[in-house]
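S.K.: Test case, fold it:
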Amino acid sequence: MSIMHYAKSRYSTKVFDPSNKLSHEQIASIKELLRFSPSSVNSQPWHFIIAESPHAKQRIAKATQGRYAFNEAKVLNASHVLIFCTKTDIDDAYLQLLLENEARDGRFANDETKQGQQNGRSYFVNLHRDDLKDVHHWMEKQVYLNLGTVLLGASALGIDAVPMEGFDAEVLDEEFELKEKGYRSSVILPLGLRSAQDFNAKLPKSRHQESYLFSEF
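M.R.: Next up, the predicted model:
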């Protein structure tokens, strides 16, 4: 099937079937989608928590209480739940780690191209870190690029998903000690298979018309 089929057929799953579990192979593919997502200047400013056990999902569900209680069942009934975490800072040591990873993977023909990569990436990081002072916001944009990659990829793998911002980030960050590790939680993604009772599966998609969206010259 074409990529357009998966773009049009995927949707935000509202009810998961708790009896259906994703295979090891499916989760391995999700991991590869997470690893190979694009990011600005290959910054990869992310970390992912993958929860499979009931206990781990209960820990995540602590952040879906009170005004976020409508999301609790999605977390508990999904096969797996991902937490997309964004770095809180991007320092010189991390930039050096990226550079050495790229060198290991054979991206540089010589020292000159290696230094050029370091200079180019440092320019944009310093722009957001020191001049615009929006470095966390900029890094979180990269995390959402990753989210989009995984949503489309999950559809192609026959996996249902729903991205969720409706959770208490402070509770989740504390539960997994994310700030101490240099991260903040940005979005939760339950994964699994839809329930037959999921009303949203039967509804047509609604999107802007082409005439509203595009200006072509």
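S.K.: May I ask which helix or strand encompasses the most centrally placed residue in the chain?
M.R.: Residue closest to the average C-alpha location in the chain (C-alpha atoms, centre = their mean): residue 147, at 3.4 Å. Assigned by DSSP states H and E, residue 147 belongs to helix 135-156.
S.K.: Buried ones in that helix, by neighbour count?
M.R.: Residues 135-136, 138-140, 142-143, 146-147, 149-156 are the ones in helix 135-156 that count as buried (16 or more other C-beta atoms under 10 Å). (Each C-beta comes from the backbone N, C-alpha and C, glycine too.)
S.K.: C-terminal to the longest strand along the chain, what's the next element?
M.R.: Identified as the longest strand of the chain according to DSSP state E is strand 183-192. Sequence order places helix 210-213 as the next helix or strand after strand 183-192, per DSSP H and E.
S.K.: what about residue 21, neighbour count?
M.R.: Using other C-beta atoms under 10 Å, residue 21 has 15 other residues around it.
S.K.: try residue 174
M.R.: Neighbours of residue 174 under the rule other C-beta under 10 Å: 15.
S.K.: What pLDDT is listed against it?
M.R.: For residue 174, the model assigns a pLDDT of 98.
S.K.: Could you name the helices and strands sitting against the strand or helix carrying it?
M.R.: Using DSSP H and E, residue 174 sits in helix 169-175. Applying 3 or more C-beta pairs under 8 Å, 6 or more residues apart in numbering; DSSP states H and E, we find helix 169-175 packed against helix 54-61, strand 183-192.
S.K.: So what's the gap between the longest one and the chain middle?
M.R.: For strand 183-192, the separation from the chain centroid amounts to 7 Å (computed by C-alpha atoms, centre = their mean, to the nearest Å).
S.K.: so that strand versus helix 54-61, what angle?
M.R.: Going by axes from the mean of the first three to the mean of the last three C-alpha atoms, to 10 degrees, strand 183-192 is angled at 120 degrees with respect to helix 54-61.
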